[in-house]
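Chemist: mind folding the following:
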Amino acid sequence: MPRVQLTAVTPKGIAWNKGRIIGQKRPLFPKQVWAIRGRLELTGNLYDLALFNVAIDSKLRGCDLV
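Modeler: Have a look, this model is predicted:
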């Protein structure tokens, strides 16, 4: 059974996260939370406002709720 030689894979560009600090983000300050709530109320987007409030109150991520 003959062996097949595979060509080497070379990257075509620079990685998007090269030189950046990756990992968990800092939590929001209460001032930022109230600013987001205010903007969602002004736009009348009740679904996003309810989802944001549940996420903040339960300390879950948005992707876990959806």
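Chemist: show me what contacts residue 3?
Modeler: If a contact means Cβ atoms under 8 Å, 6 or more residues apart in numbering, then residue 3 has no contacts. C-beta here means a position set from N, CA and C on the backbone, and glycine is covered the same way.
Chemist: the one 4 residues further on now?
Modeler: Residue 7 makes no contacts at all, as judged by Cβ under 8 Å, 6+ apart.
Chemist: mind checking how far it is from residue 50?
Modeler: Counting by Cβ to Cβ, to the nearest Å, the gap from residue 7 to residue 50 is 52 Å.
Chemist: now residue 29
Modeler: 22 Å.
Chemist: again, but for residue 19
Modeler: Look at residue 19 and residue 50: by Cβ to Cβ, they are 39 Å apart.
Chemist: of the two, who's got more company?
Modeler: Neighbours were counted for residue 19 and for residue 50 using other Cβ atoms under 10 Å; residue 50 has more, 11 against 6.
Chemist: where does the more buried one sit, in terms of helix or strand?
Modeler: Residue 50 belongs to helix 46-58 when assigned by DSSP states H and E.
Chemist: and the next helix or strand after that helix, which residues are buried?
Modeler: Per DSSP H and E, the first helix or strand lying C-terminal to helix 46-58 is helix 62-65. Judged by neighbour count using 16 or more other Cβ atoms under 10 Å, helix 62-65 contains no buried positions.
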